[in-house]
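K.L.:
any chance you could fold what I've pasted below:
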Amino acid sequence: MKFRIDNMNCGGCAKSVTKSIHSVDPGASVEIDLETKSVTVGSSHDEQAFRGVLEDAGFPSQPMA
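P.N.:
Coordinates of the predicted model:
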């Protein structure tokens with residue numbers, strides 16, 4: 001699954017996003033592209049669970065195709 005996070009601007013943001021995703025699924029693969037403000041998550045967990053923790057961490061996300 002892939003998300004766009006408009007306010008993800010730096011390495012610190014990327015680290016926080018990764019930490020939030022791993023709080024739902026510690027084994028998830030996480031690929032972050034700061035240039036496109038996107039994160040790709042490899043997990044069998046529900047997309048809404050990730051969107052919820054990202055929102056709670058201050059990184060509202062939008063699903064991407």
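
K.L.:
got the phi/psi numbers for residue 42?
P.N.:
Here the main-chain torsion angles of residue 42 (degrees, to the nearest 10) amount to phi -100, psi 110.

K.L.:
enumerate every residue touching it.
P.N.:
Contacts of residue 42 were listed using C-beta atoms under 8 Å, 6 or more residues apart in numbering, and they are 28-30. Every residue, glycine included, has its C-beta placed from N, CA and C.

K.L.:
so can I have JSON lines of these showing distance to residue 56?
P.N.:
Formatted as JSON lines, the contacts of residue 42 follow (distance: C-beta to C-beta, whole Å):
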{"residue": "28", "distance to residue 56": "17"}
{"residue": "29", "distance to residue 56": "21"}
{"residue": "30", "distance to residue 56": "17"}
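
K.L.:
wait, which of these is closest to residue 39?
P.N.:
The nearest member of the contacts of residue 42 to residue 39, counting by C-beta to C-beta, is residue 30 at 6.4 Å.

K.L.:
the closest one is in what secondary structure piece?
P.N.:
strand 29-33 (DSSP states H and E).

K.L.:
okay then, goodbye and thanks.
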